[in-house]
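Asker: Sequence and predicted structure, then a few things I'm wondering about:
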Amino acid sequence: MDSLVDALSSQAAPWWAVPVSMVVGVLLGVFATRRGRGAPAQAPAAPADPQVRSIYVRFLAATDTAHNSIVAVDSHALAEADLEQALESDDPHLKALARSIVDLDGMVNELRILAPAPVVDSAVEFFGFVTDSTMDGVHDCDDFRARYTARKSTLVDAIRDSHGQRKIRAR
């Protein structure tokens, strides 16, 4: 083989076949190895800070108190009372409702600082729903309960998801 033309046209394997076949072999090996392997396991979510868990529990308890009070209070009384009057009211349901709204407001602010964004978004939406319901009153208790339960479930799902836990309800 005196020339390049002779080398490339001879019956012997060309000089570039060895490096190319090595590269192709390595790529096929990497592809086969990765294809046989499952998705990388994600690290389990860190357990929630006890302070944050406490806020979650207190928030849900306060929303339940507000829910029960909203249903129990006359919608005309809700429309006429402002927050300060409700806090000083003789009506225990109205007073409990006002106290829970004040507590929820504080807890939403704590969550804004400590909780992950999806939890904060869900808590703020839930808090808005509860406060809007206190201003408007409840005329259809069944509809209110259904919407309340849906928002509560959304918040619980966001909390569970932020800790890598399975959601409770089917979507």
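Answerer: Great, that's in hand.
Asker: Point to the helix or strand of this protein where mean pLDDT is at its lowest.
Answerer: helix 4-9 (a mean of 58; mean pLDDT, DSSP states H and E).
Asker: Counting neighbours, what do you get for Val108?
Answerer: Val108 has 18 neighbours, counted by other Cβ atoms under 10 Å. C-betas here are computed from N, CA, C, even on glycine.
Asker: Identify the residue spatially nearest to it, adjacent ones excluded.
Answerer: Phe127 (5.0 Å; Cβ to Cβ, 6 or more residues apart in numbering).
Asker: With Arg112 instead?
Answerer: Here the residue nearest Arg112, using Cβ to Cβ, 6+ apart, is Val120, at 5.5 Å.
Asker: in the protein, what spans have low per-residue confidence?
Answerer: Within the chain, the stretches with pLDDT under 70 are 1-48, 169-171.
Asker: how does it look with 90?
Answerer: Along the chain, the parts satisfying pLDDT under 90 run over 1-53, 66, 68-98, 131-142, 162-171.
Asker: Roughly how far does the nearest residue to Leu83 once chain neighbours are set aside sit from His163?
Answerer: Spatial nearest neighbour of Leu83, excluding adjacent residues (Cβ to Cβ, 6+ apart): Ala98 at 5.6 Å. Distance of Ala98 to His163, given as Cβ to Cβ, to the nearest Å: 32 Å.
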